[in-house]
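Asks: Here's my sequence, what's the structure:
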Amino acid sequence: MRSPNSFPQGILARVFGPLLLLALVTAAVVAVATEPTSAQRRQCDRPSDCQHGLTCSPDGRCRAECATTRDCDDGKHCVRPAPDTYPMCVARGAIAREWFPDIERATDRPGSDIAAFWLDRADPLACHSECLANDSCVAWTYVAPGEHQLLPRCWLKRAAGQPRRHPRAVSAVLTDRVGRVGGEAREAR
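Replies: This is a model prediction of the structure:
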């Protein structure tokens, strides 16, 4: 005779069997979903542990070498060697001509600022790299250090705006983004 507190084993198997199976499947799906899906999140102890184009960061994860030129040593720029590659720090002389913008010397493009920040190097191409890393950026203006400003400054623009003469400024328009992002390019006078 069964005790009043016991269930028949058949009922337990029919009720809890599917629940146990569901729990095991859910645990397997969660384990797969939480596993790193990108080479950039792989754990590493040294650069050789990472896929080509990635570096081992101090936190022990593979990551792209740079996001912008500010992440690179002096004399190097953050570029993506090909469309489906990771960005890397490359010496200026090794970069293809197409990466460089058409520089507008002594030109400011006031207004339409997305962001403004100080740069740690006196190089307008650092500003260009920042613009390339921001999908909303259509143009940029770099202002060299001078008597009222000790560090170079970069302004990223959502529209090219009307150019104005400025002796310490350098600007550029990413012409391939002008129509796509909604900016408007005008000729410098």
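
Asks: From now on I want contacts and neighbour counts done on CA atoms only, so please keep to that.
Replies: Noted.

Asks: how far away is residue 132 from residue 154?
Replies: For residue 132, the distance to residue 154 equals 13 Å [Cα to Cα, to the nearest Å].

Asks: Kindly report the same for residue 95.
Replies: In terms of Cα to Cα, residue 95 sits 22 Å off from residue 154.

Asks: which of these two has more neighbours?
Replies: Between residue 95 and residue 154, residue 154 has the larger neighbour count (other Cα atoms under 10 Å), namely 26 against 16.

Asks: List the contacts of the more buried one.
Replies: Residues near residue 154 by Cα atoms under 8 Å, 6 or more residues apart in numbering: 116-119, 127, 140-143.

Asks: Residue 55: what secondary structure?
Replies: State at residue 55, reduced to three classes by DSSP: H, G, I helix; E, B strand; the rest coil: strand.

Asks: Report how many residues lie close to it.
Replies: Going by other Cα under 10 Å, the residues that sit close to residue 55 add up to 22.

Asks: Now it: closest residue in space that isn't a chain neighbour?
Replies: The shortest distance from residue 55 to any non-neighbouring residue, by Cα to Cα, 6 or more residues apart in numbering, is to residue 47 (5.1 Å).

Asks: isn't the one you found right up against residue 56?
Replies: Yes - counting by Cα atoms under 8 Å, residue 47 touches residue 56, with 4.8 Å between them.

Asks: Show me whatever sits in contact with both of those two.
Replies: With Cα under 8 Å, 6+ apart, residue 47 and residue 56 have common neighbours residue 62.
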